[in-house]
Structures are given as C-alpha cells and as structure tokens.
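J.: Whatever this is, show me its structure:
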Amino acid sequence: MLADSVPIYPLYALLFADAGLSVAQISSLFVVWSLVGIVAEVPTGALADRFSRRLALAAAGVFQAAGYGLWIAFPGYAAFAAGFVLWGLGGALGSGALEALLYDAMAVAGAENHYPRIYGRVSAARLLSQVPAALAATVLFSTGGYDVVGWASVACCLSAAAVATRLPDARGPDARIPGPDDEGPDDDGRDDDETIAVAGYLDVVRRGLVEAARCPAVWTALVAVALVGSLDGLEEYFSVLAQDWGVATPLVPLVLLAVPLMGAAGAALGGRPHRLRRRGLAALLASAVAVMAGAGLLRRPVGVVGVAVAYGLYRFVLVGAETALQQRITGQARATVTSVAALGTDVTGVAIYGAWASNQPALVTGLALAIAAALPWLLRPRPPGRIG
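T.: Got it, this is the predicted structure:
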C-alpha cells in the first residue's frame, strides 16, 4: 500500500547497482519478489476477507518496513532477496484489501457508482505522494546516503501501519465473512475455534476462486488487470534508465518526479465517469508503448519526459481495467478475487522481468503491444455467469 511512496523507492535499484549487482541479478531479485506474490496473493487475500482487511493493511506496512531494514543493515544479494520476500508478503497482504475495503464501504453507503472516480483519486493521491518522497530522498541521500534514506523509509512504513489500524471497515466490528461452522457449538457444547477458523478460511478461498473461474465477466476482467498490471514492473527500472541516459545519481529522484505527476493525472482522468471505452483504452496503451520505446531509442536525459507521458497514459488504462473488475465482482470474497488478479500480475510480471534481463527491449515492446491488442476482447460486456 506504501511501496512507491517512501524515500528509498526511487533509489533502491541504484542501491543494488552500487552494491555491485548486475542487471541480471537485479532482475532476479524482482523475480523473487514476484514469486513470493504468486505463492502468497490468494491466501493473504482470503485472510483479509475472512478476518480483517484493515489489519491486513497494517501488517503490510510492518512487513515492508522489515524488508527495508534488512537491506540497509546487511547490504548484499542475500539480504536484498530476503527483503524482497518480506516486501512481497507485505504487498500480498495489502493487495486487494484496500480496493475491497473502499468498494464495500461505498456499497454500504449506496455510492458504489462513484467508485471509479474515488478510486481514480486514491490512485492519483498515492502517486502524488511520491513527490515529497522523492524530495526527501534527494535531501536524505545528500545528508547520509542510503542508510539515512532506508531508515527513514522504515519509519514511514511503520507510521502507515499505525494509521491503517484506524481505518473504518464497512463490514462492522467483526469484519469477516462467516465460516460454514459458525452457527453453533460442537458436540461437546463448545466451539472448536481452531476448526471453525480453518473451515471458514477455506470457505472464503473457495468462494473467491469459484467466482474468479466461473463468471466470464469476472475472469476476463481479471486477465485484463493481470496483463496490464504486469507492465507496472517496468517502473522498477526507471531510475536505472535515467542514470544510463546521463542523469546524475543524486538528481535521479528529482528528475523522475515527472513520472508520478503524469501518472497521477492519468489515474485521476481514468476514474472519470465518461472515461474511454475498451477500444480507446487499448489505443492509449499502444500509444504509451510507442512513446516509451521512442524514449529508449533516444537515450538522452530528455527521454525521461517520454517515460512520464507513457506512464500517465498507462495509469489511465490501469484504473479503467481495475474499475471494470471491481464492478463485476458480486460475491463477498472481494479481496480474494482481487488477489487472483494480483497473482496473475505477478506471473506475467516474471515474463516482463525476464525479457528485460535478457536485454531484449523489442520483446518487451512486443509483449506490451500484444496486451493492448487483447484489451478490447477482455473488457467487452459479458454475462455474469453463476457462482457456486
């Protein structure tokens, strides 16, 4: 929930590079990050649905803080990998929980039709928070290098976790989906709390997976979000690109401020009621790919402007796809279903990282264009199907 809004975010790829890691090693760390998400996404989404989405968000901040702490305390490939494991667990805990908490709160208030606009604003606000984070990164790095930047990021994550514990949950004080054995005591006249918890948890997993698999309107939107979301992995390389294009390391966070600013604008516009239809979203995504490819061919500091424009267009499309998914989910296991989309993002993200690590920009461009071509079919109106 806070991954890209802390001071270390615009610098951590440079931290790895300055520690002596190659591009292939850095990409392998991103693969570790994705693999953790693949394993943990759905189980943690079901935990949020079964028990508390609010506490899932709080735990996400704690895990992320622990990961950053490892990086700074023990810089090296092993610690970087372990930090990504912790960050991946935190990301999985927060994945889907925020969207589910927000959508259900609006549904309770009878305002779910306004979800696209509000979610667009939330996405924009998260991106805009990168601006003070980047400014802080520049100041802190000049003051004390990666150590100061890292520990400040740990403090930010723990503060966010504390704030998350105060978020309202629209499902009430016992914010969970009841399990199948919650109706009464066992044969001894007592509830077997452990058995009930496990049975209830597995029931939530089943509900989420059934809706994701059996409802055509849901699973096609899930695929769309997974494919489009996987392209966000390219953001991890923006700081490295800026450095390669001639931007001095201390200036990288400042130069890259254009990226979240354009991303925020795209997210806010993507949440407007009269946003583009599916073919328009596909055209915008293809345009973003073309602009990004042009910036790569230029290989000059000014290319960061092209990266920012491409990112703004991309965020417009991503909000549109994520909104379509939330509007199509009808069951109670909303965070679980959303986590399935995040699982797909992690799986396809591995392919993006692999293509980048093999130094094949043409392959990355081709994959992105293929995703754009698939969007009109994936987001077309479909029957809701049956949830079993």
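
J.: and residue 372, what pLDDT?
T.: We have a pLDDT of 94 for residue 372.

J.: That one and residue 282: what is the separation?
T.: Taking CB to CB, to the nearest Å as the measure, residue 372 and residue 282 are separated by 5 Å. The C-beta positions use only the backbone N, C-alpha and C, and glycine is treated the same way.

J.: again with residue 318
T.: 13 Å.

J.: residues of the biggest helix by length in the chain that come out buried?
T.: Of all the segments assigned as helix in the chain under DSSP state H, the longest by residue count is helix 130-164. Along helix 130-164, the positions that meet the burial threshold by neighbour count (16 or more other CB atoms under 10 Å) are 130-131, 133-134, 136-141, 146, 148-154, 156-158, 160-161, 164.

J.: cool, and stretch 66-81?
T.: 66-72, 75, 79-81.

J.: Could you do stretch 303-316 as well?
T.: Taking 16+ other CB under 10 Å as the basis for neighbour counts, the residues of stretch 303-316 that come out buried are 303-316.

J.: if we take those, which one ends up nearest to residue 348?
T.: Closest approach between the buried residues of stretch 303-316 and residue 348, by CB to CB: residue 314, at 14.7 Å.

J.: residues touching the closest one, list them.
T.: By CB atoms under 8 Å, 6 or more residues apart in numbering, the contact list for residue 314 reads 228, 231-232, 263, 266, 285, 288.

J.: mind giving me a markdown table with those and columns for distance to residue 240?
T.: Supplementary listing: those in a markdown table, determined by distance: CB to CB, whole Å:
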| residue | distance to residue 240 |
| --- | --- |
| 228 | 23 |
| 231 | 17 |
| 232 | 16 |
| 263 | 18 |
| 266 | 22 |
| 285 | 23 |
| 288 | 19 |
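
J.: which one of these is nearest residue 55?
T.: Ranked by distance to residue 55 (CB to CB), the contacts of residue 314 are led by residue 232 at 25.7 Å.

J.: Quick check, the closest one in contact with residue 318.
T.: Yes: contact criterion CB atoms under 8 Å: residue 232 and residue 318 qualify, at 7.2 Å.

J.: in the protein, which helix or strand is least confident?
T.: The weakest-scoring helix or strand in the chain, judged by mean pLDDT, DSSP states H and E, is helix 193-214 (a mean of 74).

J.: Point out the ones among the contacts of residue 314 that are inside helices.
T.: Within the contacts of residue 314, membership in helices is found for 228, 263, 266, 285, 288, as judged by DSSP H.

J.: Show the contacting residues for the spatially most central residue of the chain.
T.: Geometric centre of the chain, nearest residue: residue 95, 6.4 Å, by CA atoms, centre = their mean. With contacts taken as CB under 8 Å, 6+ apart, residue 95 has the following neighbours: 37, 41, 44-45, 338-339, 342.

J.: Looking at those, which one is closest to residue 118?
T.: Ranking the contacts of residue 95 by separation from residue 118, with CB to CB as the measure, puts residue 338 on top at 15.9 Å.

J.: Can you tell me the closest non-neighbouring residue to the closest one?
T.: The shortest distance from residue 338 to any residue that is not its chain neighbour, by CB to CB, 6 or more residues apart in numbering, is 3.3 Å, and that residue is residue 96.

J.: For that neighbour, grab the count of nearby residues.
T.: Other residues near residue 96 come to 31 when the count uses other CB atoms under 10 Å.

J.: The one 4 residues further on now?
T.: For residue 100, the number of neighbouring residues by other CB under 10 Å comes to 27.
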